[in-house]
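In: sequence? don't have it. structure:
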């Protein structure tokens, strides 16, 4: 029994390679160079699809963090409104909190 695990790009590449080279053109030099390039392209596409998947997970997590952060900021604004301090200090606190809202982290690198 043999179990092969391949990505969709590896599967596509193997189908193209098999249909192009077998059974008569296994060593055809005219086909080898383009097939080599196609093999590298499919490998790069596989790597890029992994990056896109990781990026999607990052964005989903980041969105949840943003929703949670915004909820906490709104709670802080309500607390600031109830503080018994002058309006200038309330505005300073609110402005500082709103500036923190705009700080973000970069997406994962490829």
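Out: In hand now; what should we look at? Note that the structure is a prediction, hence the values are computed from the model and not measured.
In: which stretches of the protein form helices?
Out: 8-21, 29-82, 87-101 (DSSP state H).
In: out of those helices, nearest to residue 107?
Out: Residue 107 sits nearest to helix 29-82 of all the helices of the chain, at 5.6 Å, using C-beta to C-beta. Every C-beta, even on glycine, is put in place using the N, C-alpha and C of the backbone.
In: residue 9 against residue 45, yeah?
Out: Yes: between residue 9 and residue 45 there is a contact under C-beta atoms under 8 Å: 5.0 Å.
In: pLDDT value on residue 110, please?
Out: As predicted, residue 110 sits at a pLDDT of 64.
In: about what we covered before: tell me the most buried of the helices of the chain?
Out: Mean neighbour count (mean count of other C-beta atoms under 10 Å) peaks for helix 8-21 among those, with a mean of 14.
In: which neighbouring elements make contact with that helix?
Out: Contacts defined by 3 or more C-beta pairs under 8 Å, 6 or more residues apart in numbering; DSSP states H and E place helix 8-21 against helix 29-82.
In: relative to residue 76, how far out is the nearest residue to residue 17 once chain neighbours are set aside?
Out: In space, and not counting its chain neighbours, residue 17 is closest to residue 35: 5.9 Å by C-beta to C-beta, 6 or more residues apart in numbering. Separation of residue 35 from residue 76 (C-beta to C-beta, to the nearest Å): 60 Å.
In: skip the chain neighbours and tell me the closest residue to residue 100.
Out: Closest to residue 100 by C-beta to C-beta, 6+ apart is residue 73, at 7.7 Å.
In: please name the residues that touch that neighbour.
Out: 97-98, 100-101 (C-beta atoms under 8 Å, 6 or more residues apart in numbering).
In: coming back round to it: just send the helices of the chain back as CSV, with mean pLDDT too.
Out: As requested, the helices of the chain are exported to CSV (pLDDT from 0 to 100):
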stretch, mean pLDDT
helix 8-21, 79
helix 29-82, 89
helix 87-101, 90
